[in-house]
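Engineer: Here is a sequence with its predicted model. Questions after.
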Amino acid sequence: MDGPTFRLGRRRFLVLAGVGVGAAGGVACGSGAGVQPASVGDVSAGNVSSLPVGSLRALEGEPVCIGRDSGGVYAMTLTCTHAGCDIGTTGEVSPSGLVCGCHGSRFDANGNVVSGPAPSPLDHFAVSADAAGNLTIHGGQVVGASVRLVVMG
Ligand code: FES
């Protein structure tokens with residue numbers, strides 16, 4: 001087992017302390033180039049029960065998005081790495097990917113650049129869940145793009 005687990009009824013959450021976890025307030029391991037993500041701190045992101053596998057959606061009023069794939073739950077900045085536009089307000093966020101409305105950069109659903117001018121991928125943020133499955137995005141904690149909050153059971 002890697003990392004702590006949380007139990008909720010028949011569900012179990014496993015927080016992966018996966019590759020490239022940055023320390024809160026410390027050295028980030030994200031894009032490394034381009035515009036840094038807007039600061040958001042901790043953001044409530046709804047309940048995991050309303051985030052089916054295959055989801056990716058922007059949070060209203062915050063420059064972050066939350067998604068869930070076959071590996072688990074993840075979150076990313078919506079600050080475009082080209083010139084800092086908020087993709088959530090100027091572009092499109094969907095399970096098929098993200099499009100920045102300022103200059104047309106495209107990212108896949110895991111934040112990798114599909115086409116520029118964005119020079120680097122979108123940073124991922126840590127996600128946690130309480131015992132009831134309520135999700136919190138930790139915008140001060142950049143993690144590797146493969147890190148997931150695993151929902152089991
Ligand atoms: Fe997003 Fe230029 S700011 S493509």
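Structural biologist: Perfect, I can see it now. Numbering: from 1, shown residues only.

Engineer: ok, and for the strand or helix carrying Arg68, which residues are buried?
Structural biologist: In the assignment (DSSP states H and E), Arg68 maps to strand 64-69. By 16 or more other Cβ atoms under 10 Å, the buried positions in strand 64-69 come out as Val64, Cys65, Ile66, Gly67, Arg68. Any C-beta I mention is one placed from the backbone N, CA and C, and that applies to glycine too.

Engineer: Would you mind naming what in this protein lies close to the ligand?
Structural biologist: Residues of the chain lying close to the ligand (Cβ under 6 Å from any ligand atom) are Cys80, His82, Ala83, Cys85, Cys100, Cys102, His103, Gly104, Ser105, Pro117, Ala118.

Engineer: switch to 5 Å and redo it
Structural biologist: Cys80, His82, Ala83, Cys85, Cys100, Cys102, His103, Ser105 (Cβ under 5 Å from any ligand atom).

Engineer: circling back to that earlier point, past the strand holding Arg68, which element shows up next along the chain?
Structural biologist: Downstream of strand 64-69 (by DSSP H and E), the next one is strand 72-77.

Engineer: List every C-alpha atom in the strand holding Arg68, with coordinates, as PDB.
Structural biologist: Below are the C-alpha coordinates for strand 64-69, written out as PDB (Å, rounded to 0.1, in the frame of the first residue of the first chain):
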ATOM      1  CA  VAL A  64      -9.000  24.900 -11.500                       C
ATOM      2  CA  CYS A  65     -10.600  21.800 -12.900                       C
ATOM      3  CA  ILE A  66     -11.300  18.400 -11.500                       C
ATOM      4  CA  GLY A  67     -11.300  15.100 -13.300                       C
ATOM      5  CA  ARG A  68     -11.600  11.400 -12.900                       C
ATOM      6  CA  ASP A  69     -10.200   8.800 -15.100                       C
END
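
Engineer: quick one, that strand and strand 72-77 angle?
Structural biologist: Interaxial angle, strand 64-69 versus strand 72-77 (axes from the mean of the first three to the mean of the last three Cα atoms, to 10 degrees): 150 degrees.
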